[in-house]
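**Q** Task: produce atomic coordinates for the following.
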Amino acid sequence: MNARRPAQQPRTPPDDGIVRVGCERRRGGSVTIVYGLGARELEPVAAELKKRCGTGGTAKNGVVELQGDKRDAALAYFTGQGRKVKKMGG
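**A** The predicted model follows:
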């Protein structure tokens, strides 16, 4: 029998005040993902991270996306700001 599986819902990190930084593989390469930012700080943080990392990116749907694997630079930025930050993935 061909039983259909229900579509998986995308995992969203909890809203606990911790910034989570991960990396995903996409068609063109790696993308660094930053979750856990407030709506007001999304655009300014995205602009600062793009400038510090020297890469392109965007802020959309409550997430900052940076081109390439920039996890270490993003972790250093948030640690320097005194924020709680966790590295997602391996």
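
**Q** dump the residue contacts of Gln67.
**A** Counting by CB atoms under 8 Å, 6 or more residues apart in numbering, Gln67 makes contact with 29, 31-32, 55-57. The C-beta positions use only the backbone N, C-alpha and C, and glycine is treated the same way.

**Q** typed the wrong thing, it's Ala76
**A** Here Ala76 is in contact with no residue (CB under 8 Å, 6+ apart).

**Q** and the helix or strand hosting it, how far from the chain's centre?
**A** Per DSSP states H and E: Ala76 is located in helix 71-80. Chain-centre distance of helix 71-80: 12 Å, with CA atoms, centre = their mean, to the nearest Å.

**Q** Check which helices and strands the longest helix seen in the chain sits against.
**A** In the chain, assigned by DSSP state H, the helix with the most residues is helix 39-53. Contacts defined by 3 or more CB pairs under 8 Å, 6 or more residues apart in numbering; DSSP states H and E place helix 39-53 against strand 57-60, strand 63-67, helix 71-80.

**Q** What mean pLDDT does whichever helix or strand comes after the helix holding Ala76 get?
**A** As assigned by DSSP H and E, the chain's next helix or strand after helix 71-80 is strand 85-87. Averaged across strand 85-87, the pLDDT comes to 93.

**Q** and strand 85-87, which residues are buried?
**A** The neighbour-count check on strand 85-87 (16 or more other CB atoms under 10 Å) flags Val85 as buried.

**Q** Right, I'll leave it there.
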